[in-house]
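>>> just need the structure, nothing else, for what follows:
(one chain, ligands or ions: 1)
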Amino acid sequence: MFSIERRVRRIWVEAKPTMMSYTLEQEQTTKQILSRYPNNVDEMARQALGKKHWLVLATGSSINAAQSARYYIEKMTGAILDIREPFHFTNYDQLSDHIDYIAGVSQSGQSTSTIGALERIKKESGLPIAALSSDVHSAMSEVADLMVDVGCGKERVGYVTKGFTATTLTLMLAGLRIADLSGKLSSDEVAEQINQFNLACSSINSIIAKTESFYEQFKDELLTAPKFTVIACGPAVGTINEFETKFIETVRVPSRGVELEAFMHGPYLEVNQEHRIFFVETDSKVRDRLIRLKQYESKITPYTYGIVLEASSDPRTIGLELSISEWIAPLVLIVPFQVLAYHIAEGRGNNLSQRIYTDFGVAMSSKTAPGDYV
Ligand SMILES: O=P(O)(O)OC[C@H]1O[C@](O)(CO)[C@@H](O)[C@@H]1O
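Residues are numbered from 1 along each chain as shown. Predicted coordinates:
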């Protein structure tokens, strides 16, 4: 295989993008988004300044991105983020009086459930509505007061990767800008946050390279897996939800992301010696509990693996060698799972360039228009 740098350079001459070529674009795309701070999120930050209770509506990878950014935004702003599935919200939920800010997130801007939820809110309230998308002229723009460009351009494959990191980063930066404007952070503290984002974005190609060598080493175990489980806690719960989405879309074997403590109340009972379990560790205050669980499960199945932020000498663990907080970590913790999803799927013979169920979005009216896919 060519080096990551050479593969990144080749993307621009390849006619047809793939999930992997978009994965390889992420370092450059996230660096560009970061370089546009604060202008890219300034309007949203001013709109949301002082708001205490956000309702965030999104589905698929977009809700996973919102969950990945949630704790960072909450820490930065002091606001509470109530993140919900829009279809369920529209048909069953009440619009609480406590809500004072609305954010809809749809990378395509074409998910009818997200647009429908925003339409309901517009009809029932005068709450300010921001919509984040990679297409600011998409159907979602008709209902939003403010369109926020997540800055990655259209992603023309069904299994999004760069749209996920771009959305997560844009949301996090909006949180940072609010902290900056409100005076919650000093200019030195803002610079320290930017520095951590820089470290994270600049590490993406090296995370891809590390994951590919991990994959080569454990290929046989990964390709024959009957089931994947990933366990994490805190902000990394957004990561494991996106792992689940990505593996189900591409690898297509049972895959589940489970929050640490939730795993101990039912899911532990199904573990057998064939299960493949990943543990995602950050500098969490409950990290010891995660490590204890990993030790316990490693006695039941030999197929346990780790992802940690620091370096690791354990071959079964991908050490990202990255000094960033657990709040920012979800921006890049997803990258190993994107790379594994692609290689395991292709290795199992799922040709991801061959689209399937192409009539689904139109048949079920889940999108306003057929996907603009290659
Ligand atoms: O972020 P969007 O464009 O609303 O899409 C939500 C989800 O729907 C899909 O497009 C599938 O219909 C996923 O790829 C995506 O994660």
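>>> quick one: residues contacting the residue lying farthest from the centre of the chain.
When distances are taken from the C-alpha mean of the chain, residue 299 lies farthest, 30.8 Å away, according to Cα atoms, centre = their mean. With contact set as Cβ atoms under 8 Å, 6 or more residues apart in numbering, residue 299 has no partners. From N, CA and C alone the C-beta is placed, and that goes for glycine too.
>>> distance of it relative to the ligand?
In this view, residue 299 and the ligand are 36 Å apart by Cβ to the nearest ligand atom, to the nearest Å.
>>> just the pLDDT for the closest residue to the ligand within the stretch 51-200 of the chain.
Going by Cβ to the nearest ligand atom, the ligand is nearest to residue 60 of the stretch 51-200 of the chain, at 2.5 Å. As predicted, residue 60 sits at a pLDDT of 98.
>>> just to revisit the earlier point, okay, and the residue farthest from the centre of the chain sits in which element?
Assigned by DSSP states H and E, residue 299 falls within no helix or strand.
>>> that one and residue 50, how far apart?
51 Å (Cβ to Cβ, to the nearest Å).
>>> got the contact list for the residue nearest to residue 23 when sequence neighbours are not counted?
Nearest residue to residue 23, sequence neighbours excluded (Cβ to Cβ, 6 or more residues apart in numbering): residue 161, at 4.5 Å. Contact analysis of residue 161 by Cβ under 8 Å, 6+ apart lists 19, 22-23, 26, 155, 246, 338.
>>> 7 Å - rerun?
19, 22-23, 26, 338 (Cβ atoms under 7 Å, 6 or more residues apart in numbering).
>>> now the residue farthest from the centre of the chain: phi and psi?
phi -80, psi -20 (degrees, to the nearest 10).
>>> for it, give its distance to residue 159.
Distance from residue 299 to residue 159, by Cβ to Cβ: 35 Å.
>>> just say helix, strand or coil for residue 222.
Here residue 222 is helix, with the state taken from DSSP: H, G, I helix; E, B strand; the rest coil.
>>> so it is in contact with residue 344, correct?
Yes: proximity of residue 222 to residue 344 meets the contact threshold set by Cβ atoms under 7 Å, at 5.3 Å.
>>> out of the two, which sits in the more crowded spot?
residue 344 (24 against 20; other Cβ atoms under 10 Å).
>>> the particular helix or strand that has the more buried one in it packs against which elements?
Residue 344 is part of helix 335-347, with elements assigned from DSSP H and E. Helix 335-347 is packed against helix 19-35, helix 204-223, helix 237-250, with contacts defined by 3 or more Cβ pairs under 7 Å, 6 or more residues apart in numbering; DSSP states H and E.
>>> ok and it relative to helix 19-35, angle-wise?
For helix 335-347 against helix 19-35, the angle by axes from the mean of the first three to the mean of the last three Cα atoms, to 10 degrees is 160 degrees.
>>> name the residues that touch the next helix or strand after helix 335-347?
Per DSSP H and E, the first helix or strand lying C-terminal to helix 335-347 is helix 360-363. Here helix 360-363 makes contact (Cβ under 7 Å, 6+ apart) with 367, 370-371.
>>> now do the phi/psi pair for residue 54.
The phi/psi pair for residue 54 (degrees, to the nearest 10) is phi -90, psi 140.
>>> tell me the one among the contacts of residue 161 nearest to the ligand.
residue 19 (10.7 Å).
>>> in stretch 234-250, what counts as buried?
Buried residues in stretch 234-250, counting neighbours by 16 or more other Cβ atoms under 10 Å, are found at 234-247, 249-250.
>>> so how far is that stretch off the chain centroid?
7 Å (Cα atoms, centre = their mean, to the nearest Å).
>>> contacts for that stretch, please.
60-61, 64, 67-68, 70-72, 159, 164, 228, 230, 232, 255-257, 259, 280, 282, 284, 326-327, 329-330, 333-334, 337-338, 341-342, 345, 350, 352.
>>> any quick ChimeraX command for the buried ones out of those?
Of the contacts of stretch 234-250, the buried ones can be selected in ChimeraX as follows, counting by 16+ other Cβ under 10 Å:
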select :60,61,64,67,68,70,71,72,159,164,228,230,232,255,256,257,259,280,282,284,326,327,329,330,333,334,337,338,341,342,345,352
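>>> let's see which of the contacts of stretch 234-250 end up in helices.
Among the contacts of stretch 234-250, the ones falling in helices (DSSP state H) are 61, 64, 67-68, 70-72, 164, 330, 333, 337-338, 341-342, 345.
>>> which among those gets closest to residue 194?
residue 72 (13.2 Å; Cβ to Cβ).
>>> you'd agree the closest one is up against residue 174?
No: using Cβ under 7 Å, residue 72 makes no contact with residue 174, being 9.9 Å away.
>>> ranges for the strands of the stretch 1-150 of the chain?
53-58, 80-84, 101-105, 129-133, 146-149 (DSSP state E, counting those that start in this stretch).
>>> would the third one count as contacting the ligand?
No: legend: contact between strand 101-105 and the ligand by Cβ under 6 Å from any ligand atom is lacking; minimum distance shown is 6.7 Å.
>>> for that strand, which strands pair with it and how are they oriented?
Here strand 101-105 is paired, per DSSP bridges, with strand 53-58 (parallel), strand 129-133 (parallel).
>>> for those strands, give me CSV that also has mean neighbour count.
Below are the strands paired with strand 101-105 laid out as CSV (neighbours: other Cβ atoms under 10 Å):
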stretch, mean neighbour count
strand 53-58, 24
strand 129-133, 26
